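J.: Build me a model from this:
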Amino acid sequence: MFAALSCVPFVLSGCKEQNKYAPPPPAKVTVAPPTQAPVTLYSEFTGNTAPVASVDLEARVQGFLESVDYLDGEAVKKGRVLFKIERAQYQAQVDLQQAQLDGAKAKQVNTQREYDRQSILGQKDVATQRAVDDAQTNLATAIAQVAASQASLALAKTSLDYTTVSAPFDGVVTRRLANPGALVGSAGPTKLATILQVDPLYVYFNITEQQQINLRDALAKQGKTLKDLREERLEMPIQVALSSDAAFEYSGKIDYIAPQIDSSTGTLQLRGSLPNKDVALVPGLFVRVRVAVGKIEDALLVDDTAVMSNQTGSYVMVVGNNNVVEQRQVTPGTREGALRVITSGLTKDDRVVIGGVQRAIAGNTVNPVAGAMPALPSAPKPAPAALLPGAGATKP
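T.: Alright, predicted model coming up:
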């Protein structure tokens with residue numbers, strides 16, 4: 001009984017002690033300074049491919065189609081025979097006109113002799129002047145007949161040549177639109193197929209009016225004008241990628257700048273020319289076009305997952321003095337693999353939160369743990385910039 005009562009004072013004394021609040025330790029976050037690396041600046045556009053030349057192959061004379069001498073979609077060389085139309089009637093016309101020409105020439109020779117004879121007799125007052133004039137008229141008529149026969153023969157040969165339809169240039173021929181045995185050219189020219197010149201290949205894309213003005217101003221600083229760019233063929237390289245490709249595998253150069261802004265779209269059309277020997281690209285594709293416009297020697301890049309956005313724009317969380325978190329507004333560029341270019345808002349010494357971002361609350365103190373940014377890709381993608389040669393050459 002005494003032992004039980006002896007414990008009561010200790011219990012009562014314990015109840016009088018107050019609970020003290022122990023704040024939680026600072027949250028751990030992973031931080032790393034921005035990666036510094038040279039980054040080429042590009043402007044990227046959407047364009048479409050088009051053939052350098054496109055010509056409809058047509059039957060210009062009437063007749064039955066004798067043969068189709070290519071495979072649908074085949075790449076052919078200039079002069080390659082593609083279609084043959086029956087020749088017999090046109091060859092007969094050539095033979096007929098040749099015979100008429102031979103007869104006209106023989107008549108010309110005879111009238112020439114008669115004129116020479118009458119001319120001599122007229123000088124001796126044996127033939128009358130009228131006889132001489134008649135002989136001269138007959139000679140002129142014979143000469144004209146020879147010329148007419150030569151023209152008719154040329155027309156007959158042209159019609160004969162039209163019975164063979166050949167490739168006007170190196171290119172790829174579409175599927176046939178008429179089969180052997182079909183009557184073609186009966187109601188005017190009959191389209192047989194189309195040939196496209198795809199090496200090189202054109203790429204058309206548009207730039208905005210402001211980008212055109214920037215380009216003009218940049219050229220002016222170099223003592224050049226848009227006219228010089230057009231007429232002196234100043235090279236402006238471009239790179240092209242298919243819409244589904246990450247890498248820009250195709251290279252070419254701008255070879256045409258439209259002389260005026262399209263008032264309906266407010267854009268200026270540019271055209272690039274791409275070598276296409278393997279016909280890897282075909283006309284009509286939607287492609288991505290990028291133009292190198294400058295370079296940042298020491299660009300700052302951060303993990304793309306560290307870049308967030310709100311109503312005021314993009315931002316990253318930075319651990320500053322005394323390990324206090326700060327929300328820093330930044331201007332991002334496009335991605336370079338797992339990294340994103342930051343064009344303004346950061347310095348190379350900033351500690352950017354790349355891990356535990358949800359625990360990094362502005363104004364709170366954190367426990368930063370050193371980490372590292374992801375590695376740069378081997379083939380970096382473009383960073384955004386205006387279409388301005390030399391733009392972005394300064395450090396952000």
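J.: Next, count neighbours for residue 180.
T.: 12 (other Cβ atoms under 10 Å). Placement of C-beta: from N, CA and C, glycine included.
J.: For it, report the pLDDT, please.
T.: Predicted confidence (pLDDT) for residue 180: 95.
J.: Please report the distance of it from residue 315.
T.: Distance, residue 180 to residue 315, using Cβ to Cβ, to the nearest Å: 71 Å.
J.: Go ahead and list the helix or strand containing the most centrally placed residue in the chain.
T.: Geometric centre of the chain, nearest residue: residue 203, 1.9 Å, by Cα atoms, centre = their mean. Using DSSP states H and E, residue 203 maps to strand 190-208.
J.: Pull out the buried residues from that strand.
T.: By neighbour count on 16 or more other Cβ atoms under 10 Å, the buried set for strand 190-208 is 190, 192-208.
J.: Check stretch 85-98 too.
T.: Neighbour counts over stretch 85-98 (16+ other Cβ under 10 Å) mark 85-87, 90, 93-94, 97 as buried.
J.: I'd like the residues you listed as JSON lines, with distance to residue 56 appended.
T.: Below are the buried residues of stretch 85-98 laid out as JSON lines (distance: Cβ to Cβ, whole Å):
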{"residue": "85", "distance to residue 56": "16"}
{"residue": "86", "distance to residue 56": "21"}
{"residue": "87", "distance to residue 56": "22"}
{"residue": "90", "distance to residue 56": "22"}
{"residue": "93", "distance to residue 56": "26"}
{"residue": "94", "distance to residue 56": "27"}
{"residue": "97", "distance to residue 56": "29"}
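J.: Which members of the residues you listed are positioned in helices?
T.: Those of those mapping onto helices are 90, 93-94, 97, per DSSP state H.
J.: tell me the pLDDT at residue 228?
T.: Among the per-residue scores, residue 228 shows a pLDDT of 75.
J.: helix/strand/coil for it?
T.: In three-state terms, and counting by DSSP: H, G, I helix; E, B strand; the rest coil, residue 228 is helix.
J.: Low-confidence ranges, the stretch 251-396 of the chain, go.
T.: Per-residue confidence for the stretch 251-396 of the chain (pLDDT under 70) gives these ranges: 294, 378-396.
J.: What segments of it are strands?
T.: Using DSSP state E, counting those that start in this stretch, the strands of the stretch 251-396 of the chain run over 267-274, 286-303, 308-310, 313-319, 325-336, 339-344, 351-355, 366-370.
J.: Quick check: can you name the pairing partners of the shortest one and their directions?
T.: Sheet pairing for strand 308-310, assigned by DSSP bridges, gives strand 313-319 (antiparallel).
J.: burial count for the residue nearest to residue 297 when sequence neighbours are not counted?
T.: Residue nearest to residue 297 in three dimensions, not counting chain neighbours: residue 38, with 5.2 Å by Cβ to Cβ, 6 or more residues apart in numbering. Residue 38 sits with 10 neighbouring residues when counted by other Cβ under 10 Å.
J.: can you redo the strands of the stretch 251-396 of the chain as TSV with distance to residue 228?
T.: Output for these, formatted as TSV (distance: least, Cβ to Cβ, whole Å):
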stretch	distance to residue 228
strand 267-274	15
strand 286-303	18
strand 308-310	42
strand 313-319	39
strand 325-336	30
strand 339-344	30
strand 351-355	44
strand 366-370	53
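J.: want to try CSV for those strands, with distance to residue 159 and mean neighbour count as columns?
T.: What follows is those, written out as CSV (distance: least, Cβ to Cβ, whole Å; neighbours: other Cβ atoms under 10 Å):
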stretch, distance to residue 159, mean neighbour count
strand 267-274, 38, 20
strand 286-303, 44, 21
strand 308-310, 72, 10
strand 313-319, 71, 20
strand 325-336, 61, 19
strand 339-344, 66, 22
strand 351-355, 78, 22
strand 366-370, 86, 15
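J.: closest one to residue 22 among those?
T.: strand 366-370 (16.3 Å; Cβ to Cβ).
J.: Just the residues contacting the closest one, thanks.
T.: With Cβ atoms under 8 Å, 6 or more residues apart in numbering as the test, strand 366-370 has contacts from 25-32, 319, 323-325, 351, 355, 359-360.
J.: Widest-spaced pair of these?
T.: Spatial extent of the contacts of strand 366-370 (Cβ to Cβ) is set by the pair 25 and 32 at 21.7 Å.
J.: These two: which is more packed in?
T.: Taking other Cβ under 10 Å, residue 25 and residue 32 do not tie; residue 32 has more neighbours (21 against 8).
J.: wait, doesn't residue 335 sit right on residue 302?
T.: No - judged on Cβ atoms under 8 Å, residue 335 makes no contact with residue 302 at a distance of 10.8 Å.
J.: So for those two, which residues contact both of them?
T.: Residues touching both residue 335 and residue 302 (Cβ under 8 Å, 6+ apart): there are none.
J.: ok so, going back, the buried residues of stretch 85-98 into JSON lines, with extra columns for distance to residue 153 and pLDDT?
T.: As requested, the buried residues of stretch 85-98 are arranged in JSON lines below (distance: Cβ to Cβ, whole Å; pLDDT from 0 to 100):
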{"residue": "85", "distance to residue 153": "20", "pLDDT": "97"}
{"residue": "86", "distance to residue 153": "20", "pLDDT": "96"}
{"residue": "87", "distance to residue 153": "16", "pLDDT": "94"}
{"residue": "90", "distance to residue 153": "12", "pLDDT": "96"}
{"residue": "93", "distance to residue 153": "9", "pLDDT": "96"}
{"residue": "94", "distance to residue 153": "7", "pLDDT": "96"}
{"residue": "97", "distance to residue 153": "4", "pLDDT": "95"}
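J.: Pop the domain breakdown of this protein in here.
T.: Here the domain parsing of the chain from automatic domain parsing is 27-43+295-370, 45-51+200-292, 56-83+163-196, 88-161.
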